[in-house]
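J.: kindly return the folded structure for what I paste below:
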Amino acid sequence: MEQNVFSIFLCILLPFLAAKLLLQSRSSKKFPPSPPSLPFIGHLHHLKKPLHRTFLNLSQRYGPIMSLRLGSRPVVIVSSLSAAEEQTPCLQLHDHPHLRRIGAIEIFSSHRLNIFSELRKDEINRLLWKLSRNAAGDFSTVEVRSLFVDLTFNVLMRMIAGKRYYGEDAPDVEEARQFREMIRELTKYASTSYPGDFLPILRWIDYQRYWKRLVRLGEKADKFLQCLVDESRTRKSSFGSTNSMIDHLLSLQESEPECYSDQMIKGLILTYASI
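T.: This next block holds a predicted model:
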């Protein structure tokens, strides 16, 4: 009986000893200062809401540049302007200037935004008309937040794909429903943290079936966005460009196919539609 208890104790103790040795081997490397950590979870126990106050308190104790280990993920926290400026060469080394140029010049330049000024005016007029219609009989309560969400997404998607997906007058009801459901799911997963990102064992056992749901959502989003790109390509070849973001990127694809692949275009759509 005592031998069995001793064996169980060793099985529990050995992983902690292995983790301790691993941490000691890592500590020999030149990392920025960091607070005390625990085996497996690292510094996750230090993270308490609100996070900005937690990081402020830690930086006051360990300096403007500190290292944390969130489970199995090593991170570096830079919490001052001067320190961030010192790290600028490193940040630029790992930046993607091509993607930045696409966003700043090809999509959100002053010229491109001015082209869509009439589009924005039209969506605002639609909103005002809806408000005036609802209040035509008498005073009425209006939930403004949902109306502004509809306005924002309709402006974005008309700029991106030339389509409206929100409101009662969305042209394709089923496609609009699919788009709204996709954005709702993407927003849900983007605003939550997945424990498996920090503790790999949870990813291996697919904790709460998160990974399977995420893969299924990714496949659905990719299929939907590819349909938008293919539809724009077909319309562009048959009826000419509508000057939407997708049409503009497809025109650039003709001259630089290696830079403006369908995958790149879909990524940009998803990025700006989820803002």
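
J.: C-alpha only now, for contacts and for neighbours.
T.: Will do.

J.: surely Ser238 is within a helix?
T.: Yes - checked against DSSP: H, G, I helix; E, B strand; the rest coil, Ser238 lies within a helix.

J.: tell me the confidence at it?
T.: Note on Ser238: pLDDT of 76.

J.: equivalent analysis for Ser261, please.
T.: For Ser261, the pLDDT comes out at 90.

J.: please name the nearest non-neighbouring residue to it.
T.: Spatial nearest neighbour of Ser261, chain neighbours left out: Gln253 (6.6 Å); criterion: CA to CA, 6 or more residues apart in numbering.

J.: tell me the secondary structure of that neighbour, please.
T.: Relying on three-state DSSP, one would call Gln253 helix.

J.: dump the residue contacts of it.
T.: Contacts for Gln253 (CA atoms under 8 Å, 6 or more residues apart in numbering) come out as Cys259, Tyr260, Ser261.

J.: out of those residues, who's the most crowded?
T.: Of all the contacts of Gln253, the highest neighbour tally under other CA atoms under 10 Å goes to Tyr260, namely 18 neighbours.

J.: wait, is that one part of a strand?
T.: No - assigned with three-state DSSP, Tyr260 falls outside any strand and is coil.

J.: show me the contacts for it.
T.: Contact partners of Tyr260, counting by CA under 8 Å, 6+ apart, are Leu249, Leu250, Leu252, Gln253.

J.: all helices for the stretch 151-275 of the chain, in order.
T.: Here the stretch 151-275 of the chain has its helices, by DSSP state H, counting those that start in this stretch, at 173-190, 200-204, 210-239, 245-255, 262-273.

J.: nearest to Phe153, of those helices?
T.: Evaluated with CA to CA, the helices of the stretch 151-275 of the chain place helix 262-273 nearest to Phe153, the distance being 7.3 Å.

J.: residues in contact with whichever helix or strand Ile124 is part of?
T.: Element membership for Ile124, per DSSP states H and E: helix 117-134. With contact meaning CA under 8 Å, 6+ apart, helix 117-134 is reached by Ser140, Leu147, Leu151, Asn154, Val155, Arg158.

J.: filter these down to the buried ones, ChimeraX style.
T.: Command for ChimeraX that selects the buried part of the contacts of helix 117-134, burial taken from 16 or more other CA atoms under 10 Å:
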select :151,154,155,158
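
J.: which stretches of the stretch 151-275 of the chain have low pLDDT?
T.: The model of the stretch 151-275 of the chain has pLDDT under 70 over residues 191-197, 199-208, 273-275.

J.: mind running it again at 50?
T.: For the stretch 151-275 of the chain, not a single residue meets the criterion pLDDT under 50.

J.: any idea which of the helices of the stretch 151-275 of the chain is most buried?
T.: Of all the helices of the stretch 151-275 of the chain, helix 245-255 carries the top mean neighbour count, a mean of 18, counting by mean count of other CA atoms under 10 Å.

J.: tell me how far that helix lies from the chain's centre.
T.: Put simply, helix 245-255 sits 24 Å off its chain's centre (CA atoms, centre = their mean, to the nearest Å).

J.: could I have the CA atoms of that helix written out in CSV?
T.: As requested, the backbone C-alpha atoms of helix 245-255 are provided in CSV (Å, rounded to 0.1, in the frame of the first residue of the first chain):
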residue,chain,number,x,y,z
MET,A,245,-12.7,47.4,-53.1
ILE,A,246,-12.9,43.8,-54.5
ASP,A,247,-13.1,45.1,-58.1
HIS,A,248,-10.2,47.4,-57.5
LEU,A,249,-8.1,44.6,-56.0
LEU,A,250,-9.0,42.3,-58.9
SER,A,251,-7.8,45.0,-61.3
LEU,A,252,-4.5,45.1,-59.4
GLN,A,253,-4.4,41.3,-59.5
GLU,A,254,-4.2,41.3,-63.3
SER,A,255,-0.9,43.2,-63.2
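
J.: contacts only, for the residue nearest to Phe40 when sequence neighbours are not counted.
T.: Spatially, and ignoring its direct neighbours in sequence, Phe40 is nearest to Gly71 (5.7 Å; CA to CA, 6+ apart). Gly71 sits next to Phe40, Ile41, Gly42, His43, Leu44, Phe198, Leu199 when contact means CA under 8 Å, 6+ apart.
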